[in-house]
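Chemist: The following block contains a protein sequence and its predicted model.
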Amino acid sequence: MNRLYWDEELETLPPEELKRFEAPLLAEQMSYLYNSSPFYRERFDQAGISPDRITCHEALETLPFTEKRDLAQTQLAGALIGPHQCAPREDIVRLVGTGGTSGKPMRIGWTREDIHAYNEMGARALWILGCRPGDLVLNCFNYSIYAGGVMDHMSFEHLGASIMAYSVGKSRALLEMYADLPGDKCLYSTPSYAVRLAEVAAEAGINPRDLGIRKGFFSGEAGLQVPGYRQKIEQTWGMSTHDLYGIAELGCQSAECEHHNGMHFCGGGYVIAELIDPDTGAVKTMRDGEKGELVYTSIRRKASPLLRLRSHDFVEVQNEKCACGRTSFRFHTRGRSDDMFVVKGVNIFPTSIQTILHDVPELSGEFRIILDNPPPFDYAPRLQVEVSRETPGERHQNLTHETEILIARKAGFATRVELVEQGTIASEHKTKRVIRNYQSQE
Ligand SMILES: [Zn+2]
C-alpha cells in the first residue's frame, strides 16, 4: 500500500546521514528562536551562546534546558502564549491545552505549518503501529482542548484512516455504536479505558469479543508495557494492541512496529531527541540498554517551539537493528517522574507495581497508590487494589496480607493494601496511579 504523505526515506536513513539532513534545519531554527522570541533570546544570552554556534546536534548540549513550568509561568502574566511565542498572532490557527503545572491547562499555539508537521509525525507513528487507510477508528480521547482529541484525530485523517470523533464518556452508547458498525473496527484510547470499557460491557451482558474491534491503538499511559496488562486487554477484546507515545507539547513521535520490541522514535526531520541523566543533566549516548530521560528540541516549529524541553519521561534505549528496517533508536518507557516516588533511595514507578499485581489471578490488576503525607516516604503508603468479582469474600483478609508480602518482597517496600471492588479504579481518562494527598513543595 502506498504511503502518500511523508518522506519515508527519513525512517531508514543511517543515523549519521539523518544528522546531516537535520543540522541546517537546527541552525535555522536556532536563529529563528533568537530573532523572534524574547524568552529564548534571553536564554541564549544568559548562557553566553550565539545561536549561529548551534550548527550540529552535539552543540545543543551547550544550551540550557526548558522546563514545562517555565513555559506555563509565562502565561500567568496574562499572555495568550507568552514571550516564547515565535510566530505572529495571525499565523496561529489552533490552540491546544496541555496538562499545566499550575492546575490550569497550558496553551500551545500551532501555525498551519506546525499542524502539518504534527500530522506528518503522527501519520508516521500510526503507520508504524499498523494503522492503515480504510481502518475504521473511534477516537476515545478527550476532544475538549487536549491534543489526544482534535490533534490526533487529524493525524489519523492525514494517514487516510476513517476516524470517528467519539471523545470520553457515554461508554454504554459507545458499545452500542460499535455493535452497529459493520466489519472490523479499531479503538484509540488509553489502555486503562479498554479495561474500563470491558467492565461496562460485562455489566450490560455484552461479550467484548463480539463487537469486532480488531485493533487497539493505545496512548497516554505506560500500561501496555506491562506484559500481563497487554495480554489481558488482547484476550478480553480479541484485538491486537499497538502502543503509541507522544507528549502534547510535541505530538506523537514514537510507536512500536509489528516486531513489538520497543517504540521507534519517528520524529526524524522534525524533532531532535537527546537522552540525559535526569539528576546531572549530562547527555548520554543512545547505546543499547542505556537509561535516562528524553529531552526534545523541535527543528521545524513556528508558533510554540521547544528548546531542550525536559519530558520527565524515563526510558530504556534499545539500539540493536530492528527487522522492520527503521534505523531510529527505540525505547521502552519506564514511567514519568510525576508518578515516580522514592522509597529508601529506590525509584518506584507504578508500572513495576502493575507488573507484580498481574501475577495475582484473584486481583483485576487495577490499582492506585495513595501517598497521604509528603516525602520522605518513611511510612507504608496505602495501595488500593481491585479484587476480582469471582474472588469469594472469605478470601479477602488473607489476600490483603498476601499482596502486602508480595509487594514487599518484589518491589522492596511496605504498603498497606486495601481491597476495592472491581470496576472502581480504571477511568475514561488517563487513570491516575499515584494520588498525592499533600501540598506540593514546589
Ligand atoms: Zn521495527
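Modeler: Nice, I can see it.

Chemist: How about residues contacting the lowest-mean-pLDDT helix or strand in the chain?
Modeler: The weakest-scoring helix or strand in the chain, judged by mean pLDDT, DSSP states H and E, is strand 346-348 (a mean of 76). If you take CB atoms under 8 Å, 6 or more residues apart in numbering as the criterion, strand 346-348 is touched by 340-342, 411-413. Using the backbone N, CA and C atoms, a C-beta is placed for each residue, glycine as well.

Chemist: neighbouring strands for it, and are they parallel or not?
Modeler: strand 341-343 (antiparallel) (DSSP bridges).

Chemist: Could you list the buried residues of the strand it pairs with?
Modeler: Going by neighbour count (16 or more other CB atoms under 10 Å), the buried part of strand 341-343 is 341, 343.

Chemist: Close to the ion: what parts of the stretch 151-300 of the chain are there?
Modeler: 257, 259 (CB under 5 Å from the ion).

Chemist: how about the strands in the stretch 151-300 of the chain?
Modeler: 162-165, 185-189, 213-218, 240-247, 251-256, 263-265, 271-276, 283-284, 291-298 (DSSP state E, counting those that start in this stretch).

Chemist: could you dump those to CSV with mean neighbour count and mean pLDDT?
Modeler: Shown next, in CSV, are the strands of the stretch 151-300 of the chain (neighbours: other CB atoms under 10 Å; pLDDT from 0 to 100):
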stretch, mean neighbour count, mean pLDDT
strand 162-165, 16, 97
strand 185-189, 25, 97
strand 213-218, 22, 97
strand 240-247, 23, 93
strand 251-256, 26, 92
strand 263-265, 25, 95
strand 271-276, 21, 97
strand 283-284, 16, 96
strand 291-298, 23, 96
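
Chemist: And I370, its phi and psi?
Modeler: Here is the backbone geometry of I370 (degrees, to the nearest 10): phi -120, psi 120.

Chemist: what about it, how many neighbours?
Modeler: Other residues lying near I370 total 15 when counted by other CB atoms under 10 Å.

Chemist: Quick check: beta-bridge partners of M106?
Modeler: T98.

Chemist: Please shift the residue numbers so they start at 36 in all later answers.
Modeler: Yep, numbering from 36; the last one is M141 now.

Chemist: L48 contacts G303, correct?
Modeler: Yes. Using CB atoms under 8 Å, L48 is in contact with G303, at 7.3 Å.

Chemist: higher neighbour count, the two?
Modeler: G303 (26 against 19).

Chemist: Roughly how far does that one sit from S85?
Modeler: 27 Å (CB to CB, to the nearest Å).

Chemist: Find the nearest non-adjacent residue to F253, please.
Modeler: P226 (4.7 Å; CB to CB, 6 or more residues apart in numbering).

Chemist: Using CSV, list the CA coordinates for the longest helix along the chain.
Modeler: The longest helix of the chain (DSSP state H) is helix 50-71. Extracted C-alpha coordinates of helix 50-71, given in CSV (Å, rounded to 0.1, in the frame of the first residue of the first chain):
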residue,chain,number,x,y,z
PRO,A,50,21.7,7.9,11.9
GLU,A,51,24.7,10.0,10.8
GLU,A,52,23.1,10.8,7.5
LEU,A,53,19.9,11.9,9.3
LYS,A,54,22.0,14.2,11.5
ARG,A,55,23.5,15.8,8.4
PHE,A,56,20.0,16.3,7.0
GLU,A,57,18.8,17.9,10.3
ALA,A,58,21.8,20.1,11.0
PRO,A,59,20.8,23.0,8.7
LEU,A,60,17.2,22.8,10.0
LEU,A,61,18.6,23.0,13.6
ALA,A,62,20.7,26.0,12.7
GLU,A,63,17.9,27.8,11.0
GLN,A,64,15.5,27.1,14.0
MET,A,65,18.0,28.4,16.5
SER,A,66,18.4,31.8,14.7
TYR,A,67,14.6,31.9,14.4
LEU,A,68,14.2,31.4,18.1
TYR,A,69,16.7,34.1,18.9
ASN,A,70,15.2,36.6,16.5
SER,A,71,11.6,36.1,17.2
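
Chemist: helices or strands up against it?
Modeler: Helix 50-71 sits against helix 73-82, strand 326-333, with contacts defined as 3 or more CB pairs under 8 Å, 6 or more residues apart in numbering; DSSP states H and E.

Chemist: Buried residues in it, which are they?
Modeler: The neighbour-count check on helix 50-71 (16+ other CB under 10 Å) flags 53-54, 57-58, 61-62, 64-65, 67-69, 71 as buried.
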